[in-house]
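Colleague: What follows is a protein structure lacking sequence information:
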């Protein structure tokens, strides 16, 4: 087991490198930003959420791997989210599908 | 706080409502950090470590990565650099929030507090909420984050404490709940045709880059491409 001092240092430095990227850009004064930046920022949430949530379902170990419960369970989840517009139902459907598929595949 | 006392007419959301809106994230975080606590103690690390990480670091993917790196005897530099790169995407979210929250007139201190709780999930939920045009207060946003963070710490603590009894719980894999939640948020965010196209562009770009090699910069490039496509579409229409 690594010694105590090493672990304390790990936590302290990890805290610094996670907190600063979250906090510093938020302190910037956005008042005089050009309008095209505002227009681009409008698409930032959808672009980043799509990139970080969908890609790991399609690709694993630098290969397209669709034959996995992660991917199959995403289909009923997305359909349920689109048609029901209900968060809890979508999460329940997705998790149930994932567990069910995981025991078959 | 002072704003509320000087303006008693401002309707502040009740803590219970904020909790209700945060509850899916609260439940998801609890499950994932429970597994984190479990794994950390099972890897032979002291009980305080997962709890301290959940409290001070508060970043899912990099905590799990750090766990693997510590167990494999990686150097401090490697662990810290990996953490930084995994979490660098939060800079994008933080920039977005700097602009989106400007109307709320956050104080410097409130910005630091909000930033401490900025995660993928809270960002996703808050950007949907801000996009609907519903009134949002600083208290709601920070309260939302506090509920999520608290459950993250409690989950880590409970997982660490239960480690020896609950190792078999890992196989239930309820952590897909977080993925399902993000997919729901994605559907909510794709509320115009342009946004749907921007999202597809970002996924195709991220996918192409991930096939070439997995790098923390992929998400930056994909986000820029998605935003770029969005801007072009806005100009045309």
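Modeller: Ah, there it is. Since the model is a prediction, treat every value here as computed from it, not as a measurement.

Colleague: Can you give me the domain assignment for chain B?
Modeller: Here the domain assignment for chain B is B:2-175, B:190-237, based on automatic domain parsing.

Colleague: show me where chain A has helices.
Modeller: Here chain A has its helices, by DSSP state H, at A:4-23, A:35-41, A:44-58, A:69-84, A:87-104.

Colleague: any chance of those in CSV, plus mean neighbour count, mean pLDDT and distance to residue B:117?
Modeller: In this view, the C-beta of every residue, glycine as well, is placed from N, C-alpha and C. Shown next, in CSV, are these (neighbours: other C-beta atoms under 10 Å in any protein chain shown; pLDDT from 0 to 100; distance: least, C-beta to C-beta, whole Å):
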stretch, mean neighbour count, mean pLDDT, distance to residue B:117
helix A:4-23, 18, 95, 9
helix A:35-41, 14, 86, 20
helix A:44-58, 25, 92, 17
helix A:69-84, 18, 96, 25
helix A:87-104, 18, 89, 20
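
Colleague: between the ones you listed, which gets nearest to residue B:62?
Modeller: When the helices of chain A are compared for distance to residue B:62 using C-beta to C-beta, the nearest one is helix A:4-23, at 6.7 Å.

Colleague: what about the closest one, near chain B?
Modeller: Yes - Helix A:4-23 is in contact with chain B by C-beta under 8 Å from any C-beta of the partner chain, via A:4, A:6-7, A:9-15, A:17-19, A:21-23.

Colleague: who does that helix touch, helix- and strand-wise?
Modeller: Applying 3 or more C-beta pairs under 8 Å, 6 or more residues apart in numbering or on different chains; DSSP states H and E, we find helix A:4-23 packed against helix B:48-52, helix B:60-71, helix B:76-87, helix B:90-100, helix B:108-116.

Colleague: TSV please, covering these and showing mean neighbour count.
Modeller: Below are the helices and strands packed on helix A:4-23 laid out as TSV (neighbours: other C-beta atoms under 10 Å in any protein chain shown):
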stretch	mean neighbour count
helix B:48-52	22
helix B:60-71	19
helix B:76-87	18
helix B:90-100	23
helix B:108-116	17
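
Colleague: Adding distance to chain A and mean pLDDT, write those helices out as JSON lines.
Modeller: Compiled in JSON lines, the helices and strands packed on helix A:4-23 are given as follows (distance: least, C-beta to the nearest C-beta, whole Å; pLDDT from 0 to 100):
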{"stretch": "helix B:48-52", "distance to chain A": "5", "mean pLDDT": "96"}
{"stretch": "helix B:60-71", "distance to chain A": "6", "mean pLDDT": "88"}
{"stretch": "helix B:76-87", "distance to chain A": "4", "mean pLDDT": "89"}
{"stretch": "helix B:90-100", "distance to chain A": "4", "mean pLDDT": "93"}
{"stretch": "helix B:108-116", "distance to chain A": "4", "mean pLDDT": "94"}
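
Colleague: nearest to residue B:165, of these?
Modeller: Of the helices and strands packed on helix A:4-23, nearest to residue B:165 by C-beta to C-beta is helix B:48-52, at 15.8 Å.

Colleague: I'd say residue B:210 and residue A:52 touch.
Modeller: No - the criterion here is C-beta atoms under 8 Å, and residue B:210 misses it with residue A:52 at 11.0 Å.

Colleague: Which helix or strand contains residue B:187?
Modeller: In this structure, residue B:187 sits in helix B:176-189 according to DSSP states H and E.

Colleague: Can you report how many residues lie near the closest residue to residue B:214 other than its chain neighbours?
Modeller: Residue nearest to residue B:214 in three dimensions, not counting chain neighbours: residue A:62, with 6.5 Å by C-beta to C-beta, 6 or more residues apart in numbering or on different chains. By other C-beta atoms under 10 Å in any protein chain shown, the residues close to residue A:62 number 11.

Colleague: Please report how far residue A:62 lies from residue A:70.
Modeller: For residue A:62, the distance to residue A:70 equals 16 Å [C-beta to C-beta, to the nearest Å].

Colleague: again with residue B:40
Modeller: Residue B:40 is 24 Å from residue A:70, by C-beta to C-beta.

Colleague: quick one: average pLDDT of the helix holding residue B:187?
Modeller: Helix B:176-189 shows a mean pLDDT of 88.

Colleague: buried set for it?
Modeller: Within helix B:176-189, the residues that count as buried by 16 or more other C-beta atoms under 10 Å in any protein chain shown are B:176-189.

Colleague: Out of the residues you listed, which are close to chain A?
Modeller: Restricting those to contacts with chain A (C-beta under 8 Å from any C-beta) yields B:176-177, B:179-189.

Colleague: just the residues you listed now: which is nearest chain A?
Modeller: Of all these, residue B:180 has the smallest distance to chain A: 3.0 Å, by C-beta to the nearest C-beta.

Colleague: Whether the helix ranked longest in chain B contacts chain A - can you check?
Modeller: Using DSSP H, we find that the single longest helix of chain B is helix B:15-42. Yes - counting by C-beta under 8 Å from any C-beta, chain A is contacted by helix B:15-42 at B:24, B:28.
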